[in-house]
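Undergrad: pasting the sequence and the predicted coordinates here, then a few questions.
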Amino acid sequence: MKFKETNTQTGNQAPVKKTKKAKKKGRVLLIVISILLVLAIGGGVATYSIINSLMPQVDDDTIEKLSKRNTSNLLSSKDVHNILVIGVDGRNSDGWGRADTQILVSIDNVNQRITMVSFLRDLYVEIPGRKGKNKINAAHRFGKVPLAVETIEQNFGVKIDNYIRVTFDAFEDAIDAMGGVTLPVTPKEAAEVKSYSKGKHDLVPGDNVFMDGGAALIFARIRKLDSDWQRTSRQRMVINALLEKAKANPVKAFNAVQGVMGNFETDISQGNILRLFAEARTILNYEVVEYMIPNSTTGAYTSVSYNLIPDLPVYRTALKNWLY
């Protein structure tokens, strides 16, 4: 896969020269899309019965609310498929707390490009139907998936075609099922993992550090060491390492996926999942471009009391340029 990092305030691409280590960190694929693609590599085009046994059912209330939202004024294209991936904490008793991660994965089959846009959780925006503003990740707590989808759509002006919701239990289980991952770890990161795990995971810092699922999950969720920008970067490092292992051992990946798919929820139809499977080998060769909102280098936001207030007209224009 080809990966390009961009650094922009207005939406125009501005490639940044990167070191070998930075390029490795920039090789990104979201865990859910990775697992779908890995399943295709390992098993070929799956049958409807296999998909039906793997994918959990979406509740009728979610489907009804998603179908009733107004999308007439939102940007969309028949050639671009936008999927919102929502990562949640599996430790929450009902699974409906604040969203820990929200990434828009946009698959452009005409330009053969996957664009991934991370929405930092401290973004301070309007949440439809709520008074005043709040952090964007609170929408999931207030109104579950439908409100999380609508919040991003109404603030940033792009239509979301489907969603995938995944718990971090799946993240950990997938890594263990694949035999762990190897990543570069700094001394401060190793100390944070050891402290959080109360000594259970005592990593030796270095360029190639082995981690099981438990250690990798802690590593990916480090919050106090630096910032949310670095935190999301660590998450993507783990995800990409998982994908690379899966590509190297597709048969093992196929067996592993069957054990973790129960931690996923999606409204993607069986037909579209089959299409993803069938096109997996082609999609794996797409260029992958990554963005964040807000962009920590070029601005277009104001930071007030740990809230990131984005310049919405700037990012609406940016998303239009990035995705279409």
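TA: Perfect, thanks for sending it.
Undergrad: where in the stretch 101-250 of the chain is pLDDT low?
TA: For the stretch 101-250 of the chain, applying pLDDT under 70 flags the ranges 227-228, 247, 250.
Undergrad: any chance you could map the strands in the chain?
TA: Along the chain, the segments classed as strands by DSSP state E run 2-5, 80-88, 101-108, 113-119, 124-126, 133-135, 162-167, 181-185, 206-211, 264-266, 287-293, 301-304, 307-310.
Undergrad: mind giving me the packing neighbours of the fifth one?
TA: For strand 124-126, the elements it packs on are strand 133-135, helix 138-156, strand 307-310, judged by 3 or more CB pairs under 8 Å, 6 or more residues apart in numbering; DSSP states H and E. The way it works is simple: take the backbone N, C-alpha and C, and place the C-beta from them, glycine included.
Undergrad: do the second one as well
TA: Contact partners of strand 80-88 among helices and strands, from 3+ CB pairs under 8 Å, 6+ apart: helix 31-43, strand 101-108, helix 138-156, strand 162-167, helix 168-177.
Undergrad: counting by contacts, list what the last one packs against.
TA: What it means is helix 168-177. Applying 3+ CB pairs under 8 Å, 6+ apart, one finds that helix 168-177 contacts helix 31-43, strand 80-88, helix 213-220, helix 228-248, helix 250-258.
Undergrad: any idea how far the shortest one is from the chain center?
TA: In this case it means helix 213-220. Chain-centre distance of helix 213-220: 16 Å, with CA atoms, centre = their mean, to the nearest Å.
Undergrad: same question for the longest one.
TA: Mean C-alpha position of helix 228-248 versus that of the full chain (CA atoms, centre = their mean) differs by 10 Å.
Undergrad: now the angle between helix 213-220 and that helix, please.
TA: Angle of helix 228-248 versus helix 213-220, following axes from the mean of the first three to the mean of the last three CA atoms, to 10 degrees, is 140 degrees.
Undergrad: just send the helices and strands packed on strand 80-88 back as TSV, with mean neighbour count and distance to Q230 too.
TA: Listed next are the helices and strands packed on strand 80-88 as TSV, based on neighbours: other CB atoms under 10 Å; distance: least, CB to CB, whole Å:
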stretch	mean neighbour count	distance to Q230
helix 31-43	23	18
strand 101-108	22	14
helix 138-156	22	22
strand 162-167	23	21
helix 168-177	22	18
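Undergrad: contacts for stretch 220-237 next, please.
TA: Stretch 220-237 is contacted from outside by 24-25, 28, 100-101, 118, 120-122, 168, 171, 183-184, 188-189, 192-193, 196, 219, 238, 290, 292, 296, using CB atoms under 8 Å, 6 or more residues apart in numbering.
Undergrad: A300 contacts I309, correct?
TA: No. With contact defined as CB atoms under 8 Å, A300 does not count as touching I309 (10.1 Å).
Undergrad: name the residue in these two with the higher neighbour count.
TA: Taking other CB atoms under 10 Å, A300 and I309 do not tie; A300 has more neighbours (19 against 15).
Undergrad: residues contacting that one?
TA: Shown in contact with A300 (CB under 8 Å, 6+ apart): Q9, P294, P310, D311, V314, Y315, A318.
Undergrad: next up, phi/psi of it, please.
TA: A300 adopts backbone torsions of phi 70, psi 30, taken as degrees, to the nearest 10.
Undergrad: how much space separates it from K68?
TA: A300 sits 32 Å away from K68, going by CB to CB, to the nearest Å.
Undergrad: mind putting the helices and strands packed on strand 80-88 into TSV with distance to S305?
TA: Below are the helices and strands packed on strand 80-88 laid out as TSV (distance: least, CB to CB, whole Å):
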stretch	distance to S305
helix 31-43	32
strand 101-108	21
helix 138-156	15
strand 162-167	29
helix 168-177	27
